[in-house]
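Asker: Just need the structure, nothing else, for what follows:
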Amino acid sequence: MTTFERDAKTLELPWPFTGREDELELVRRSVAGGRQGMVVTGPAGRGKTRLVTEAVRGTDCARVAGTPETRGLPFAAFAHLLPETVSLHRAVQLLSSVRLLLVDDAHLLDDVSAALVHQLAVHGRTRLLVVATDGARVPGAITRLWTGELLPRLVLEPLPREGTAQLLAAGAGGPEALTVNRLYRLCRGDLRLLRELVDAVRERGPLHRAPDSAPWAWRGPVPVTATVRERAAHLLDRAGPGQRKTLDRLAFGEPFPMDADTLDLDALEALESDGLVHVDEQGATRLADPLHGPVLRAAAGRLRARRLARTPDSCTAALETETAALTRAIAETDVRAVPAPVGEWLVDECFGIPARHAAVRARFARLRGELREAAAWAAEGLRNAPDDPACHLELGLAAAQSGDTEHPVSPPGPGTDGSDQLSAPGAASFGGRPTTDSGSGSARPSAARTSSRGAADSPHGTESSAATWRAAARGDLDAALGTVGEEPYDAVRLGAPDRAVGRLTGVFAAHAEALAHGDGPALDRAAQALEERGYLLFAAEAYAQAVGAHPDPSAARTSRTRAVALARRCQGARTPALSGLVLGELTARQRQIVTLAAAGLSNRQIAEKLTLSVRTVGNHLYSAYARLGASDRDALPCLVELPEAQPA
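Answerer: Modelled structure (predicted):
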């Protein structure tokens with residue numbers, strides 16, 4: 001029989017293993033020492049086989065796998081390990097000498113083989129890694145491995161959005177954030193489908209790639225690949241009265257739900273009972289699987305599609321409603337996820353969106369700490385309005401807070417003074433005054449456009465924030481703090497809360513006060529409040545600042561763990577507070593010098609910038625090397641950046 005081990009040795013795997021580091025460590029520990037192993041379960045396509053293969057890589061491991069064709073043959077999966085004729089008792093004796101046995105697709109084992117695996121678990125001499133698929137008929141002897149508490153069970157959850165982005169970056173050349181989101185929504189944890197969709201999209205297109213940008217973007221229809229057809233076969237074969245018509249109406253009605261009362265109720269009941277549609281308490285009806293709409297639209301004939309297809313004009317009012325909902329959330333200093341499917345649908349279908357909506361989406365994403373997503377939304381707005389100042393500003397701010405010192409924050413050319421740009425500082429409303437309604441050219445006040453940190457109608461507040469973060473990205477904190485004006489929360493994030501005294505309200509004022517008093521527990525509480533409101537990057541920074549404020553080393557370690565966990569969700573954020581997670585053992589001056597050295601400045605250039613002697617700079621660097629465990633300047637860039645989970 002063909003085993004995965006042979007395939008792994010002789011074939012080049014399409015994508016590297018990544019995104020499951022915690023689960024990998026858990027599985028590895030289960031087969032180490034005196035432990036007896038583990039059962040790994042989950043739906044098809046979730047990466048179970050790849051996970052256990054990585055876990056046993058380099059070990060002396062015997063492998064067996066069930067197949068549909070041999071399910072009726074006793075000991076078929078063990079044919080390469082057992083004599084041609086053997087009893088169950090003798091099979092247990094022969095395999096008791098095997099130190100580690102990997103049983104893949106255990107739900108497809110014949111009953112005798114399943115009983116053998118169960119007896120090996122009872123016997124306890126052989127460590128077992130057993131993989132089974134949820135939703136399939138599993139032999140009772142296999143289910144009793146975990147229900148009888150013979151082996152612990154790991155139910156493999158869907159790969160989260162961050163893990164999906166990490167996997168795509170490693171195996172697909174790094175798509176931009178909106179493409180990552182689309183693939184994540186469509187695949188819902190099915191890694192086989194994810195890889196197949198990416199391959200089909202990159203082979204057939206259309207792909208969009210800016211001349212100066214590495215990430216690629218996917219817009220347009222979903223390719224109907226073999227796996228997509230397999231996933232949707234039960235959908236396309238619906239032959240009940242009115243069912244296919246109902247499915248088509250729902251598919252072409254997207255991104256909006258339809259009123260259940262306007263549909264064929266008999267067909268709708270049948271579809272709901274089969275789990276193909278979802279009807280909420282208000283009677284709004286949607287297709288249950290995000291993949292089904294694109295498949296149904298792709299399968300429709302040209303004339304039917306032309307008759308049923310939705311146009312961008314029909315989405316105008318709904319898009320305005322989404323824009324208003326997002327700006328209202330920003331004004332209310334609560335940026336927890338807001339459903340906004342219309343804008344996503346317009347982008348996915350290659351219709352494009354107005355720059356005003358793109359700028360609001362970018363700002364909302366940036367405040368949530370989703371910096372790559374913010375940059376992608378801003379870039380989407382610039383497709384239709386290349387000189388839009390609000391989108392340029394958001395793109396620049398997202399880049400600067402990601403550590404990019406090169407990206408401009410203002411559109412080139414004359415006439416871009418920013419007088420009509422969206423107020424886009426780094427936090428939400430702090431009791432500031434109304435600002436100009438972006439994109440309209442009018443100056444009517446709007447609660448949804450309240451300035452975030454007290455910045456006035458003038459564009460200088462936002463340009464000041466842009467200058468602040470450009471300087472911070474270069475490692476020049478003195479210059480960054482020197483530009484803090486009408487954006488006081490920037491000063492708090494940069495570690496100078498005294499610049500914000502009396503200028504903030506709510507949780508942002510609590511953050512500033514806790515930092516000013518060096519109160520670690522209060523910083524933790526402020527971070528928790530920020531996280532609850534959706535400000536993940538601000539929360540990560542507050543936890544990072546708490547690390548140095550805690551006198552108790554255990555509390556400091558807890559704050560650091562929370563800071564790193566949140567920062568990993570912030571899509572490449574590189575701010576001074578997060579750099580402090582690594583550089584926290586250094587003095588403020590040492591951190592400043594190390595950051596500049598990591599950016600490539602020589603000792604003399606650093607000395608001139610900070611008005612120090614070259615010898616003083618050298619002494620600070622030498623002390624920093626000793627504290628950080630660095631051998632020389634070449635190691636500093638890795639230390640300054642936030643620690644990332646490493647691929648296996």
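Asker: From here on, just use CA atoms for contacts and neighbour counts.
Answerer: Fine.
Asker: Tell me the secondary structure of the most far-flung residue of the chain relative to its centre, please.
Answerer: Centroid-distance maximum for the chain: residue 85 at 52.0 Å, with CA atoms, centre = their mean. With DSSP: H, G, I helix; E, B strand; the rest coil as the basis, residue 85 sits in coil.
Asker: Give me the distance between it and residue 45.
Answerer: Per CA to CA, to the nearest Å, residue 85 is found 35 Å from residue 45.
Asker: ok, now residue 578?
Answerer: Applying CA to CA, the value for residue 578 to residue 45 is 35 Å.
Asker: When those two are compared, which one has more neighbours?
Answerer: Taking neighbours as other CA atoms under 10 Å, residue 578 and residue 45 compare with residue 578 leading, 27 against 16.
Asker: Quick check, residue 39 in contact with residue 130.
Answerer: Yes. Counting by CA atoms under 8 Å, residue 39 touches residue 130, with 4.6 Å between them.
Asker: Quick check: closest non-adjacent residue to residue 499.
Answerer: Take residue 499 and drop its neighbours on the chain: the residue closest to it by CA to CA, 6 or more residues apart in numbering is residue 491, 6.1 Å away.
Asker: same question, residue 122
Answerer: residue 150 (6.9 Å).
Asker: State the three-state secondary structure for the one you found.
Answerer: Secondary structure state of residue 150, per three-state DSSP, is coil.
Asker: give the contact list for it.
Answerer: If you count contacts by CA atoms under 8 Å, 6 or more residues apart in numbering, residue 150 has them with 121, 122, 144.
Asker: Make sure the first one is actually in contact with residue 130.
Answerer: It stands for residue 121. No. If you go by CA under 8 Å, residue 121 and residue 130 don't touch, sitting 10.4 Å apart.
Asker: Between those two, point out the one with more neighbours.
Answerer: Between residue 121 and residue 130, counted using other CA under 10 Å, residue 130 has the larger neighbour count: 27 against 19.
Asker: what lines up beside the helix or strand where the more buried one lies in the sheet?
Answerer: In this structure, residue 130 sits in strand 127-133 according to DSSP states H and E. Within its sheet, strand 127-133 is paired with strand 37-42 (parallel), strand 100-104 (parallel), according to DSSP bridges.
Asker: For residue 371, give me its contacts.
Answerer: 365, 398, 399, 401, 402, 570, 571, 572, 573.
Asker: can you do 6 Å?
Answerer: Taking CA atoms under 6 Å, 6 or more residues apart in numbering, we find residue 371 in contact with 398, 571.
Asker: how far is the strand holding residue 130 from where the chain is centred?
Answerer: The chain centre lies 29 Å from the centre of strand 127-133; the measure is CA atoms, centre = their mean, to the nearest Å.
Asker: helices or strands up against the helix or strand following that strand?
Answerer: Counting by DSSP H and E, the next helix or strand C-terminal to strand 127-133 is helix 140-147. When contacts are defined as 3 or more CA pairs under 6 Å, 6 or more residues apart in numbering; DSSP states H and E, helix 140-147 sits against helix 111-123.
Asker: Show me how the chain divides into domains.
Answerer: The record assigns the chain these domain ranges, following automatic domain parsing: 4-155, 161-220, 227-310, 314-431+446-473, 487-640.
Asker: what comes up buried for stretch 345-359?
Answerer: Of the residues in stretch 345-359, 345, 346, 347, 348, 352, 353, 354, 355, 356, 357, 358, 359 count as buried by neighbour count, 16 or more other CA atoms under 10 Å.
Asker: tell me the SS of the last one?
Answerer: On the three-state scheme (three-state DSSP), residue 359 is labelled helix.
Asker: my guess is it contacts residue 391, does it?
Answerer: Yes. With contact defined as CA atoms under 6 Å, residue 359 reaches residue 391; the gap is 5.0 Å.
Asker: okay, and the common contacts of the two?
Answerer: Applying CA under 6 Å, 6+ apart, one finds that residue 359 and residue 391 are jointly contacted by residue 378.
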